[in-house]
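# Next input, structure requested:
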Amino acid sequence: HWLTVVRSVEAVQGVYAARMEAVGMTLPFVAVLTLLLEADGHRLPMSRIARDLSMTSGGFTKLADRMARDGLIDRRGSAGDRRVVFAALTEDGLRRAHEANDAYRAFLRDEVLHVLSPDDLHRLAELTARLGDLHRAIDPEPFMLSDRSPNEPDRRRSR
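Sure thing, here's the model as predicted:
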């Protein structure tokens, strides 16, 4: 049964990828644009995007380089923490994110909702969310940087 689920999802993703490529976007670009479109201020820390997309930071940096070169995102440092770099949608990126969202909705309407009812889709989302919850329980959030306690040695200073 699980193999049927995997193969079916792969087949649907293949159709979705072809649909998005027809409007000039790859699935990784769409994933980033969607995350940023839904985010407050249309910006997120690059480390969060990489984590949300299950990418390495290096892999996401290469993707971000291409997206920045194409004028879709802009990278900005954080005023509060120099270690944090944000990716933000540009005006063109915002326009393309809306186009991707429209294409996504058309894909759902044309390819999914005639096979699954809205109730079926809701139930499927609930079931797969449970799998995602299991994954998060096994692989909790990565460590977060925090301020160093004054009682701890500062190993960054030269001796």
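
# which stretches of the chain form helices?
Remark: helices assigned in the chain by DSSP state H are 2-22, 27-38, 46-52, 57-69, 91-107, 118-138.

# Out of those, the one nearest residue 77 is which?
For the helices of the chain, proximity to residue 77 was assessed by Cβ to Cβ; helix 46-52 is nearest, at 10.6 Å. Every C-beta, even on glycine, is put in place using the N, C-alpha and C of the backbone.

# returning to what we had before: now the helices of the chain in CSV, please, with extra columns for mean pLDDT and distance to residue 84.
Converted to CSV, these look like this (pLDDT from 0 to 100; distance: least, Cβ to Cβ, whole Å):
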stretch, mean pLDDT, distance to residue 84
helix 2-22, 93, 30
helix 27-38, 95, 16
helix 46-52, 92, 7
helix 57-69, 93, 12
helix 91-107, 94, 20
helix 118-138, 83, 22
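
# Kindly present those as JSON lines, with separate columns for mean neighbour count and distance to residue 85.
Formatted as JSON lines, the helices of the chain follow (neighbours: other Cβ atoms under 10 Å; distance: least, Cβ to Cβ, whole Å):
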{"stretch": "helix 2-22", "mean neighbour count": "11", "distance to residue 85": "26"}
{"stretch": "helix 27-38", "mean neighbour count": "19", "distance to residue 85": "14"}
{"stretch": "helix 46-52", "mean neighbour count": "18", "distance to residue 85": "5"}
{"stretch": "helix 57-69", "mean neighbour count": "15", "distance to residue 85": "9"}
{"stretch": "helix 91-107", "mean neighbour count": "16", "distance to residue 85": "16"}
{"stretch": "helix 118-138", "mean neighbour count": "10", "distance to residue 85": "24"}
